[in-house]
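Asks: Show me the folded form of this:
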Amino acid sequence: MGWAKALYRQGRFGAALGQRGAARAACSEAGPPPARPETRVKAEKVALSDYLPGISLTGEIRARVQADVAFRVGGKIVARTVEVGDHVAKDQVIARLDPQDQQAAIESARAAVAAAEADLAQARATFDRQQSLMGQQLTTRRDFDQAEANFRTATANLEAARARLANAEEQLGFTELRAGMDGIVTARHVEVGQVVAQGQKIFTVAADGERDAVFRVDERILIKDPTGVAVKLQLLADPAVVATGTVREVAPAVDPQAGTVEVKIGLAETPPAMTLGAAVAGSPEIAARPMVILPWNALYETEGKPAVWLVDRERRTVALRVVEIERYDAGRVVVASGLKGDEWVVTAGNQLLSPGETVAIVEEPAPGARP
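Replies: Numbers count the residues shown, from 1 in each chain. Predicted structure coming up:
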């Protein structure tokens, strides 16, 4: 029986060896592991299209010339003759101050003039007498020179007193505030009874004449200088009311809070319905330019710069190309430079690509074809 068990064990071991040898043979016949499958992408041919950016902004109508009107002296306001929205003439009095202080200054200046005139009369008489005595050699040169000096000083003092009187009378005239221009009162900053300082603004007056449409524009839109660009304006309250203008002025500084730039559009003619403060919509009249327009998912990034993947149709390989973007629109990007006609750009499946990789282009189904 011992020899039978030995043969049985030997047979099992041989069978196991045979199975392992067969497995190794099978592996050697299978060859190397399968290659990585090609990345499936969608691509479209680069083509130039007439691109016209649709920009529409909302602004308001303002006067070309607008000024804050203020008193040239301080005091208490006793009268206000106009309201916001009133039309005023250039020399019209629109507010008054209490003139009591100025009137007191005038009385004091008049008294000073009278005293200076009396001093001058006395000095003239003394000088005339000394001059007569000098001709008769009955006085000294020192007394004559002193009389002449006193006469000249009295004359100068009278001139100074008269100048102070004229200044006091002028200050009295400053207690009346005049509009300074023909226009419309757009703002009132004080009330009757309020004490104001010299130069403190009282009213804001918009001058008659030329009008501007003023807009707050996002600084990113102003990539190029828009001065002179024609703009079509439309009254929001009545779209049938339209006007045209040109960009007249662009503020040199950006509003740090809103990140916008003030742009003024000079109106060639202002329709009567476009009154001061009226809201208007403005659209620049820009000619269409040939640009490359791609879907937003065609855009890639390399070293912080925008780029796209180009496909070599013959070799079916891809390469990365840096481009310059003109504008980002909803669902698409407008390429300013970096691409040319007859090139193919990957529009889907570009997330895992690497330079030189072989790809399989998925053709777009024809319109109306069944899936």
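Asks: List the contacts of the residue sitting nearest the centre point of the chain.
Replies: By CA atoms, centre = their mean, the mean C-alpha position of the chain lies nearest to Val261, the distance being 1.0 Å. Going by CB atoms under 8 Å, 6 or more residues apart in numbering, Val261 touches Arg216, Val217, Asp218, Glu219, Leu222, Val250, Ala251, Ala253, Val254, Asp255. Bear in mind the C-beta positions are built from the backbone N, C-alpha and C, glycine included.
Asks: Of those residues - the most surrounded one?
Replies: Most neighbours among those, by other CB atoms under 10 Å: Val217, with 19 neighbours.
Asks: Give me the mean pLDDT for the helix or strand that one falls within.
Replies: Using DSSP states H and E, the element containing Val217 is strand 211-218. The average pLDDT within strand 211-218 is 90.
Asks: Give me the secondary structure label for Ala154.
Replies: At Ala154 the chain is in helix, as set by DSSP: H, G, I helix; E, B strand; the rest coil.
Asks: Kindly indicate which of the contacts of Val261 lies nearest Arg141.
Replies: Ala253 (71.1 Å; CB to CB).
Asks: Checking the closest one next. Helix, strand or coil?
Replies: With three-state DSSP as the criterion, Ala253 reads coil.
Asks: and the nearest residue to Lys42 once chain neighbours are set aside, what does it touch?
Replies: If the residues on either side of it in the chain are set aside, Lys42 comes closest to Ala348, at 4.0 Å by CB to CB, 6 or more residues apart in numbering. The contact partners of Ala348, taken as CB under 8 Å, 6+ apart, are Val41, Lys42, Asn297, Ala298.
Asks: list the contacts for the third one?
Replies: Contacts for Asn297 were tallied using CB under 8 Å, 6+ apart; they are Thr347, Ala348, Asn350.
Asks: Reformat those residues as TSV; add secondary structure, pLDDT and distance to Pro99.
Replies: Formatted as TSV, the contacts of Asn297 follow (DSSP: H, G, I helix; E, B strand; the rest coil; pLDDT from 0 to 100; distance: CB to CB, whole Å):
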residue	secondary structure	pLDDT	distance to Pro99
Thr347	strand	88	80
Ala348	strand	87	82
Asn350	coil	80	81
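Asks: Select, from the contacts of Val261, the two members most distant in space.
Replies: Pairwise over those, using CB to CB, the maximum falls at Asp218 and Ala253, 14.6 Å.
Asks: lowest confidence element among the helices and strands of the chain?
Replies: When the helices and strands of the chain are scored by mean pLDDT, DSSP states H and E, helix 2-30 comes last with a mean of 43.
Asks: Would you mind measuring from Arg72 to Val185?
Replies: Distance from Arg72 to Val185, counting by CB to CB, to the nearest Å: 19 Å.
Asks: ok, now Ile55?
Replies: 34 Å.
Asks: Looking at these two, which has the bigger crowd around it?
Replies: Looking at Ile55 and Val185 with other CB under 10 Å, you find the greater number of neighbours at Val185, namely 19 against 14.
Asks: what about dumping the CA coordinates of the helix or strand the more buried one falls within to CSV?
Replies: Using DSSP H and E, Val185 sits in strand 183-188. Only the C-alpha atoms of strand 183-188 are listed here, as CSV (Å, rounded to 0.1, in the frame of the first residue of the first chain):
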residue,chain,number,x,y,z
GLY,A,183,-30.7,127.8,-17.0
ILE,A,184,-32.7,125.6,-14.8
VAL,A,185,-32.2,125.1,-11.0
THR,A,186,-31.5,121.4,-10.5
ALA,A,187,-30.7,121.3,-6.8
ARG,A,188,-31.1,123.3,-3.6
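Asks: to the chain's geometric centre, what's the distance from that strand?
Replies: Mean C-alpha position of strand 183-188 versus that of the full chain (CA atoms, centre = their mean, to the nearest Å) differs by 25 Å.
Asks: roughly how far is the helix or strand following that strand from the heart of the chain?
Replies: Where DSSP H and E defines the elements, the next helix or strand beyond strand 183-188 is strand 195-196. Centroid separation for strand 195-196 versus its chain: 34 Å, with CA atoms, centre = their mean.
Asks: where in the stretch 151-300 of the chain is pLDDT low?
Replies: For the stretch 151-300 of the chain, residues meeting the criterion pLDDT under 70 lie at 219-225, 286-288.
Asks: nearest to Arg62, of the contacts of Asn297?
Replies: Using CB to CB, those come closest to Arg62 at Thr347, 46.4 Å.
Asks: and the nearest residue to that closest one once chain neighbours are set aside, what is it in contact with?
Replies: Spatial nearest neighbour of Thr347, excluding adjacent residues (CB to CB, 6+ apart): Ala298 at 4.5 Å. The neighbours of Ala298, taking CB under 8 Å, 6+ apart as the test, are Val308, Trp309, Val333, Val345, Val346, Thr347, Ala348, Asn350.
Asks: Buried ones among those residues?
Replies: Taking 16 or more other CB atoms under 10 Å as the criterion, what is buried in the contacts of Ala298 is Val308, Trp309, Val333, Val345, Val346, Thr347, Asn350.
Asks: which neighbours does the host helix or strand of the fourth one have in its sheet, and in what orientation?
Replies: Assignment of secondary structure by DSSP H and E places Val345 within strand 344-348. When pairs are called by DSSP bridges, strand 344-348 turns out to pair with strand 39-45 (antiparallel), strand 305-312 (antiparallel).
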